[in-house]
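Peer 1: Fold the following, please.
(one chain, ligands or ions: 1)
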Amino acid sequence: MTNNTTETKMLLAVDCIIFGFDGENLKILLIKRGFEPEKDKWSLMGGFIKANESLDEAANKILLQLTGLNGVYLEQLYAFGDPARDPDERIVSVAYFALIDIHKYETQLSDRYHAEWFLVNEMPGLVFDHGQMVEIAKQKIRYKAALHPLLFELLPRKFTIPQLQSLYEGVYNTKIDNRNFIRKLTSTGLLIKLEEKDKSNSKKGAFYFKLDKKKYKAKFQAFLNFIPNPENLIS
Ligand SMILES: O=P(O)(O)OC[C@H]1O[C@@H](O)[C@H](O)[C@@H]1O
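Peer 2: Numbers count the residues shown, from 1 in each chain. Below you'll find the model as predicted:
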């Protein structure tokens, strides 16, 4: 074993980026930092990794402690290690991200915690390099959603086309042509139209659809067609 006593010791943190969809809008969960540096500014949910924890354990524990969210599938995003990223000390942070159905976790995210949902497009400025973490997480989600129908997992069992469209618009930060979207959707043959309508937004109402789960597994490449602006995958 090499002698590492002359090496600089540094801290290791994790930060959790939680995106959520509430049926209408894409949102991001933030907390207000309770102490210096950057007290009272908006932040991702972050904290230090203990010596006896794995990175995944630390990420899940910190998310639970700061928000009450439990059992969220967190995926490792990237390690942020700019020497100047935290003014206090040399801290390397491993970021994790998740995309959740807000309604499913409503009760866990009680008022006891002061985490708040913000529209992704109206997010306040964040501490340290957390804004950069969010940008990289967005790119990752766009990329993943282009290869896999993961966005359907955020929708309720029965959903409307406007709901689905607004989710795609939120993720790709673009307006989608309505007729084009419906045409592409219909051509996949993966959606089953239900008799029932959602009348909460208009008198005429919008038909509910559900996903044909059998076909969905076998034919997910069909969703590649949905990507509104492929250039947004990397921008
Ligand atoms: O919030 P505290 O406990 O100060 O430390 C963890 C935070 O410090 C930052 O470098 C990390 O990005 C993480 O958010």
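
Peer 1: how far is the longest helix along the chain from where the chain is centred?
Peer 2: Longest helix of the chain, by residue count under DSSP state H: helix 130-147. Computed by Cα atoms, centre = their mean, to the nearest Å, the chain-centroid distance of helix 130-147 equals 8 Å.

Peer 1: shaky segments in this structure?
Peer 2: 1-2, 217-235 (pLDDT under 70).

Peer 1: Give me every residue in it that's in contact range of the ligand.
Peer 2: 13, 15, 46-48, 86, 91, 93, 128 (Cβ under 6 Å from any ligand atom). All C-beta spots, glycine's among them, are computed from the backbone N, C-alpha and C.

Peer 1: hmm, back to that, against which helices or strands is the helix or strand following the longest helix of the chain packed?
Peer 2: Remark: after helix 130-147, the chain's next helix or strand is strand 159-160, criterion DSSP states H and E. Secondary-structure packing of strand 159-160 (3 or more Cβ pairs under 8 Å, 6 or more residues apart in numbering; DSSP states H and E): strand 206-211.

Peer 1: Packing partners of the strand it packs on?
Peer 2: Short answer (3+ Cβ pairs under 8 Å, 6+ apart): strand 206-211 packs on strand 159-160, helix 161-172, strand 191-198.

Peer 1: Please produce TSV containing those, extended by mean neighbour count.
Peer 2: Listed next are these as TSV, based on neighbours: other Cβ atoms under 10 Å:
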stretch	mean neighbour count
strand 159-160	21
helix 161-172	19
strand 191-198	12
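
Peer 1: Just the strands from the protein, written as ranges.
Peer 2: 11-21, 26-32, 42-43, 45-48, 75-80, 91-101, 116-119, 159-160, 191-198, 206-211 (DSSP state E).

Peer 1: I'd like to know which of the helices and strands packed on strand 206-211 lies nearest to residue 123.
Peer 2: Residue 123 lies closest to helix 161-172 among the helices and strands packed on strand 206-211, at 12.3 Å (Cβ to Cβ).

Peer 1: which residues sit against that closest one?
Peer 2: 21, 23-26, 120-121, 138, 141-142, 145, 151, 154-155, 175-176, 178, 181-182, 185, 201, 206-207, 209, 226-229, 232 (Cβ atoms under 8 Å, 6 or more residues apart in numbering).
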